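Q: Can you look at this prediction? I've put the sequence above it.
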Protein chains: 2
Amino acid sequence: MISIKDIAKSLGVSPSSVSIVLNGKAKEKRISDTLASKIIEASERMGYFPNQAAVSLRTGQSKTIGLIVENISNNFFSFLAKTIEDEVRMFGYNVVYCSTENDAIKGSELIQMLYNQQVDGYLITPALGMEPDIKKLVDRKKPVVLMDRYFETLNLPYVLADNYKGMRDGMEMLIKAGYKKVGFVTNDLDLIQMNEREIAYKEVLTSAGLLIDEKNILRLKYGFLKEEAVTTISDFVKKTDIDAIFFATNYIGIYGLESIRNLKIKIKKDLGVICFDDHDIFSLYTPAITVISQPVREIAITAVRILMGELGLLKRAKDLHIHLPTELIFRNSL
Amino acid sequence: MISIKDIAKSLGVSPSSVSIVLNGKAKEKRISDTLASKIIEASERMGYFPNQAAVSLRTGQSKTIGLIVENISNNFFSFLAKTIEDEVRMFGYNVVYCSTENDAIKGSELIQMLYNQQVDGYLITPALGMEPDIKKLVDRKKPVVLMDRYFETLNLPYVLADNYKGMRDGMEMLIKAGYKKVGFVTNDLDLIQMNEREIAYKEVLTSAGLLIDEKNILRLKYGFLKEEAVTTISDFVKKTDIDAIFFATNYIGIYGLESIRNLKIKIKKDLGVICFDDHDIFSLYTPAITVISQPVREIAITAVRILMGELGLLKRAKDLHIHLPTELIFRNSL
DNA sequence: CTGAAAGCGCTTACAG
DNA sequence: CTGAAAGCGCTTACAG
């Protein structure tokens, strides 16, 4: 590994001059143009690249972002991860990813690990219970941007879909289409984005003059295996008399499609189906499933932009609490 | 941030003793038990965590693995990433991910970036043309394990599915089921795993006494947008008289299903369908699609095990060229 | 059994 | 306009 010292020695100048020039501060520090160009030429010829560990130790900047998601293998999060990667790369940043699996203990360890690694900023889709650890980060002046969900008690930047409005859109369309008994299948996590969807579900029912029947709401245990989930949804559909079903997330919707298929129920004719969050499966399924699509790409881009603002690489955003509009994609399931 | 010096000062001992104890070398360096336990107690009480940048600079070990995939947002790779994350975490490692998008120029930059970041080891699904950059890594004594594909000219550890055998299995089943004109839709990347699939496709045809008709092979341009791919496959199906179609990857298969649906062709009755690599969509589709499933989890686990061997954290593997068996999952499309 | 010192590669305040 | 020196936080060879 060739170092600044090597370049300095080969040119008979001091390492500090080399450092200054390579950091683009030649003008500022009034290094002569001749010396500057000699240094640049030599560094290229010798194939010099800075040792990030040394830079990091010295400056406290690692040029690395920590990305904490629920599960990197999940569609939504891996797509988020890809956009984040592309966006931060434009600022010269790498990203370290971690999956919490919605476990606060694990999330806490991951934050500690990223902290030790000296990551410069954090993009987090927090699990319930990670609040204190995230607060600690903020206390230590680390920039944090939350995605997909947030804590009402923590005044932090966040970016997510407008879950309330998106859910309202979907529900209103169901009501307008004449459905009267809409089932809702969600998970049992007390996360803000899920809660907002549920609130909208209930509000639309109420304002349409329909009753909220708790029996029509199914809360799937998070961490259910596929088979358990599919069976539970089947049982739920069988024992209620709903005429439409709203799946609160795409993975729940995928399980739900399997349940419905197993029950040999005809989608649209026997049961209207709609899902929050799109997925390749939904457009390919027969019939294609109507969804509320989340602006995943925009969530990632916006979160990165805010984070770069906090890191001083971009103008600081004024608005730090962002709800991005969802899109109702009408297909063939209602 | 509290440092080793702070602990040393608070205890009135030297920083070296603290370092030795915290690295578990108390016995080896014959530090007294009393001092050792005092140091451990203090470090916990004060909430000490090592600054990884400093450790990295000093030891040359960053405790970070570089993961280079084709595209982190793709199902196969994000699942790979999740397993890798879990596996390396057990050794105290983090992982930085990058997507090449099958672009060698980008891949080259990413490798340089990871190298500067001082990652300890590399897990790479290489794009065509990354050979020289990977070779440079090896020359610099960096452990590298290739996944999903490899270079025949580079004697490096690799782990992938047994593409040849998997494809044979699928083709033999098609032949046995009586199909005579099997179409093959692949991409135009000259990657080893794709080549092996094509070789097996041709060999089975030949040994079944059937002709290889180049018109029955479609090579989709990598980077095709969804619409282009769907249309191209539709045109291909229309102008050939194939009785079955073998999709060479899951994303091609997903496009293909859409093409077939657009053409209003009946799967199984009019056209047998099989795909290399499974996906949620295939089991949910009507009819469910028969696939050759890759052992993604095992690929990740094995690759990590080999890498940890190279890093000296595990017994070094003897066998460094691993072809893992695929599984034929028979469903309803033939 | 323990401490002082050197050094990993870099940046920056300071001196000239 | 340029260089020598200090120091980021750690580890390790060396001295005692």
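A: Everything's here; your move.

Q: OK, contacts around the residue of the stretch 101-250 of chain A found nearest DNA strand D?
A: Nearest residue of the stretch 101-250 of chain A to DNA strand D: A:Asn116, at 8.7 Å (CB to the nearest atom of the strand). Any C-beta I mention is one placed from the backbone N, CA and C, and that applies to glycine too. By CB atoms under 8 Å, 6 or more residues apart in numbering or on different chains, the contact list for A:Asn116 reads B:49-52.

Q: What ranges does the stretch 201-334 of chain A have for its helices?
A: A:226-239, A:250-263, A:280-284, A:296-310 (DSSP state H, counting those that start in this stretch).

Q: Quick one: the strands in the stretch 51-200 of chain A, in order.
A: A:64-69, A:94-99, A:121-124, A:144-147, A:158-161, A:182-187 (DSSP state E, counting those that start in this stretch).

Q: what distance separates the first one from the middle of the whole chain?
A: Between the centre of strand A:64-69 and the centre of its chain there are 10 Å (CA atoms, centre = their mean, to the nearest Å).

Q: just the fifth one next, same as before
A: A distance of 8 Å separates the C-alpha centroid of strand A:158-161 from that of its chain, computed with CA atoms, centre = their mean.

Q: List the pairing partners of it within its sheet, with orientation.
A: strand A:144-147 (parallel), strand A:321-324 (parallel) (DSSP bridges).

Q: Do stretch A:262-277 and chain B come into contact?
A: No - residues of stretch A:262-277 are not located near chain B by CB under 8 Å from any CB of the partner chain, the shortest gap being 10.9 Å.

Q: And that stretch, end to end?
A: 23 Å (CA to CA, to the nearest Å).

Q: what sits up against it?
A: For stretch A:262-277, using CB under 8 Å, 6+ apart, the contacting residues are A:76, A:163, A:166-167, A:170, A:173-174, A:177, A:179, A:182, A:197, A:230, A:234, A:237-238, A:242-250, A:252-253, A:256-257, A:260, A:282, A:287, A:289-294, A:332-334.

Q: so what's the backbone phi/psi at A:Ser14?
A: Main-chain torsions, A:Ser14, degrees, to the nearest 10: phi -90, psi 150.

Q: residues contacting it?
A: Per CB under 8 Å, 6+ apart, neighbours of A:Ser14: A:Ala8.

Q: I'd like the distance between A:Ile4 and B:Val182.
A: 61 Å (CB to CB, to the nearest Å).

Q: which one of those two has more residues nearby?
A: Between A:Ile4 and B:Val182, B:Val182 has the larger neighbour count (other CB atoms under 10 Å in any protein chain shown), namely 24 against 20.

Q: Apart from its chain neighbours, what residue comes closest to the more buried one?
A: In this structure, B:Val182 finds its nearest non-sequential neighbour in B:Ala244, 4.7 Å apart by CB to CB, 6 or more residues apart in numbering or on different chains.

Q: Return the set of residues that bridge with the one you found.
A: B:Val182, B:Gly272.

Q: Go ahead and confirm it touches B:Lys181.
A: Yes - the pair B:Ala244 and B:Lys181 qualifies as a contact (CB atoms under 8 Å) at a distance of 7.3 Å.

Q: For the two, work out which one has more neighbours and name it.
A: B:Ala244 (22 against 15).

Q: pLDDT value on that one, please?
A: Looking at B:Ala244, its pLDDT is 97.

Q: how about the most centrally placed residue in chain A, what does it touch?
A: The residue lying closest to the centre of chain A (CA atoms, centre = their mean) is A:Met147, at 4.7 Å. By CB under 8 Å, 6+ apart, the residues touching A:Met147 are A:80, A:123-125, A:158-160, A:299-300, A:303.

Q: near DNA strand D, which residues of the stretch 101-250 of chain A?
A: Within the stretch 101-250 of chain A, no position is adjacent to DNA strand D by CB under 7 Å from any atom of the strand.

Q: let's see it at 10 Å
A: Residues of the stretch 101-250 of chain A lying close to DNA strand D (CB under 10 Å from any atom of the strand) are A:116, A:118.

Q: Dump the helices of the stretch 201-334 of chain A into a markdown table; add distance to B:Lys106 as well.
A: Output for the helices of the stretch 201-334 of chain A, formatted as a markdown table (distance: least, CB to CB, whole Å):
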| stretch | distance to B:Lys106 |
| --- | --- |
| helix A:226-239 | 36 |
| helix A:250-263 | 29 |
| helix A:280-284 | 25 |
| helix A:296-310 | 19 |
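
Q: mind giving me JSON lines with these and columns for mean neighbour count, mean pLDDT and distance to A:Ile40?
A: As requested, the helices of the stretch 201-334 of chain A are exported to JSON lines (neighbours: other CB atoms under 10 Å in any protein chain shown; pLDDT from 0 to 100; distance: least, CB to CB, whole Å):
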{"stretch": "helix A:226-239", "mean neighbour count": "17", "mean pLDDT": "96", "distance to A:Ile40": "57"}
{"stretch": "helix A:250-263", "mean neighbour count": "21", "mean pLDDT": "95", "distance to A:Ile40": "51"}
{"stretch": "helix A:280-284", "mean neighbour count": "20", "mean pLDDT": "92", "distance to A:Ile40": "48"}
{"stretch": "helix A:296-310", "mean neighbour count": "22", "mean pLDDT": "97", "distance to A:Ile40": "27"}
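
Q: do you know which of these lies nearest B:Arg219?
A: helix A:280-284 (22.7 Å; CB to CB).

Q: Using CSV, list the CA coordinates for that closest one.
A: In CSV, the C-alpha atoms belonging to helix A:280-284 read as follows (Å, rounded to 0.1, in the frame of the first residue of the first chain):
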residue,chain,number,x,y,z
ASP,A,280,-44.3,-8.0,-8.9
ILE,A,281,-46.7,-10.7,-7.9
PHE,A,282,-49.7,-8.5,-7.8
SER,A,283,-49.5,-7.3,-11.4
LEU,A,284,-48.9,-10.8,-12.6
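
Q: For it, which outside residues touch it?
A: By CB under 8 Å, 6+ apart, the list of residues contacting helix A:280-284 from outside reads A:250, A:253-254, A:257, A:275, A:288-289, A:291, A:331, B:254, B:257-258, B:261, B:280-281, B:284-285.

Q: Next: stretch A:34-41.
A: So stretch A:34-41 is contacted by A:7, A:11, A:13, A:17-18, A:21-22, A:26 (CB under 8 Å, 6+ apart).

Q: So among the residues you listed, where is pLDDT lowest?
A: Within those, lowest confidence goes to A:Ala26 (84).

Q: mind checking which helix or strand A:Ile7 is in?
A: helix A:4-11 (DSSP states H and E).

Q: so what secondary structure elements neighbour that helix?
A: helix A:15-22, helix A:33-45 (3 or more CB pairs under 8 Å, 6 or more residues apart in numbering or on different chains; DSSP states H and E).

Q: Adding mean neighbour count and distance to DNA strand C, write those helices out as CSV.
A: Listed next are those as CSV, based on neighbours: other CB atoms under 10 Å in any protein chain shown; distance: least, CB to the nearest atom of the strand, whole Å:
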stretch, mean neighbour count, distance to DNA strand C
helix A:15-22, 19, 3
helix A:33-45, 15, 10
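
Q: Using JSON lines, lay out those together with distance to B:Ile72.
A: Formatted as JSON lines, the helices and strands packed on helix A:4-11 follow (distance: least, CB to CB, whole Å):
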{"stretch": "helix A:15-22", "distance to B:Ile72": "31"}
{"stretch": "helix A:33-45", "distance to B:Ile72": "31"}
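
Q: Please identify which of these is closest to A:Ala104.
A: helix A:15-22 (42.8 Å).

Q: ok, the closest one near DNA strand D or not?
A: Yes - shown here: helix A:15-22 in contact with DNA strand D (CB under 10 Å from any atom of the strand) through A:15-21.

Q: near DNA strand C, which residues of the stretch 51-200 of chain A show up?
A: Counting by CB under 10 Å from any atom of the strand, the residues of the stretch 51-200 of chain A that sit close to DNA strand C are A:51-61.
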